[in-house]
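*Asks:* got a predicted model here, sequence first, then my questions.
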Amino acid sequence: MCDKMGANGISLPESMDETTKSQLCPVVYAVSKLGGKWKLIVVHNLIEGPMRFGELRRAIPNITQRMLTLTLRELEEDGIVNREVFEVVPPHVEYSLTEIGQGLEEVMGSLGDWGRSSFERRQRAVA
């Protein structure tokens, strides 16, 4: 599957630096940046355009304020999300996708297509 990985499915060691991981297996690198319960859901919500923190929180009702904050910080650190502070009264912050984050739009569309068809197949199998 990935370059220079054995066919036996052995995963890359945690101690390996990100550059080496990404060279050996770009999928492992991508999952390390987008894995977890909330990151792709946040990206999905930002595809349409910038959102304020409260808008994101309402759009993702099951996420806690703390988890949304941590998720946004990680996405910002990884260069996927941009945080812009508006110095107005009252001040507010908007989150948007960076150029790198916008590159996920096609991936998100493919995930949506897969999810829709998989769900429909499961529904037909149950019926």
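*Replies:* That came through fine.
*Asks:* and the strands in the chain, which stretches?
*Replies:* Along the chain, the segments classed as strands by DSSP state E run 51-52, 81-86, 92-97.
*Asks:* where in the chain is pLDDT low?
*Replies:* Applying pLDDT under 70 to the chain flags residues 1-13, 21-23.
*Asks:* all helices of it, in order?
*Replies:* 18-24, 26-34, 39-46, 53-59, 65-77, 99-102, 105-126 (DSSP state H).
*Asks:* got these as a markdown table, with distance to Val93 columns?
*Replies:* Bear in mind the C-beta positions are built from the backbone N, C-alpha and C, glycine included. Output for the helices of the chain, formatted as a markdown table (distance: least, C-beta to C-beta, whole Å):
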| stretch | distance to Val93 |
| --- | --- |
| helix 18-24 | 28 |
| helix 26-34 | 22 |
| helix 39-46 | 13 |
| helix 53-59 | 6 |
| helix 65-77 | 9 |
| helix 99-102 | 16 |
| helix 105-126 | 23 |
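*Asks:* the ones you listed: which one's closest to Phe86?
*Replies:* helix 53-59 (12.2 Å; C-beta to C-beta).
*Asks:* which strands or helices does the closest one pack on?
*Replies:* Counting contacts by 3 or more C-beta pairs under 8 Å, 6 or more residues apart in numbering; DSSP states H and E, helix 53-59 packs against helix 39-46, helix 65-77, strand 92-97.
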